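Novice: Kindly generate the corresponding structure for this input.
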Amino acid sequence: QLDADNYETDPCLKEIRRAENYSWMDIITIHKDSLPNYEEKIKTFYEEHLHVDDEIRYILDGSGYFDVRDKDDKWIRISMEKGDMITLPAGIYHRFTLDENNYVKAMRLFVGEPVWTPYNRPADDFPARKQYLKFLAEEA
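Specialist: Modelled structure (predicted):
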C-alpha cells in the first residue's frame, strides 16, 4: 500500500521510481465523463493482449480488475483499489476492466518513453512472450 492521497510527495513512490528507473509517468482517469471514446477504450482494455514492455499501474482512486493468465493458461483476477501498485511483466497475457463503480484513476509508469501498443492474442511469436514463458518454466 502506497499513500495515494499524497502521491506527488510520497517518499516510498519516489524510491520505487528511482530503484526501478521509472522515468516517465502520467495519470489516466477511466470514467464515462472523463475519458474520450470511453466505450471503445473499455472494450480495448478488456481484450486479451500483451505488451513488449512491463506494464506498471498505481491506483490513485477508484478500483478495477486486472485479469492475468497463470502457467496453465487459466484466468486469475486481481482486485485493485486505491493505493495498490502492480507490475505486469512484458509478455504476460492480461486484460483490465472496471468494477461496479465504473471509475479508476491510475498512474502509468514506464522505463523510458511510453509504449502503448497492445498485441492481442495470439501473439506467441513475440520475443517478450517467449522470454516470459521461459521465465515461467524456470520458476516451476
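Novice: same question for whichever helix or strand residue 41 is part of, mean pLDDT?
Specialist: Applying DSSP states H and E as the criterion places residue 41 in helix 38-46. Mean pLDDT, helix 38-46: 97.
Novice: in this protein, which strand has the most residues?
Specialist: Among the segments of the chain that qualify as a strand by DSSP state E, the longest is strand 55-69.
Novice: Mind listing the strands it pairs with, and their directions?
Specialist: Partners of strand 55-69 in the sheet, by DSSP bridges, are strand 75-81 (antiparallel), strand 85-88 (antiparallel), strand 94-98 (antiparallel), strand 104-110 (antiparallel).
Novice: Which strands border the helix or strand following the last one, and is each parallel or antiparallel?
Specialist: In other words, strand 104-110. Downstream of strand 104-110, the next assigned helix or strand under DSSP H and E is strand 119-120. Here strand 119-120 is paired, per DSSP bridges, with strand 49-50 (antiparallel).
Novice: Can you give the distance of the strand it pairs with from its chain's centre?
Specialist: 11 Å (CA atoms, centre = their mean, to the nearest Å).
Novice: Same check on stretch 102-109?
Specialist: Here stretch 102-109 is found 9 Å from its chain centre; the criterion is CA atoms, centre = their mean.
Novice: before we move on, what about stretch 43-56?
Specialist: 7 Å.
Novice: Please apply the same query to stretch 107-117.
Specialist: Distance, centroid of stretch 107-117 to centroid of chain: 10 Å (CA atoms, centre = their mean).
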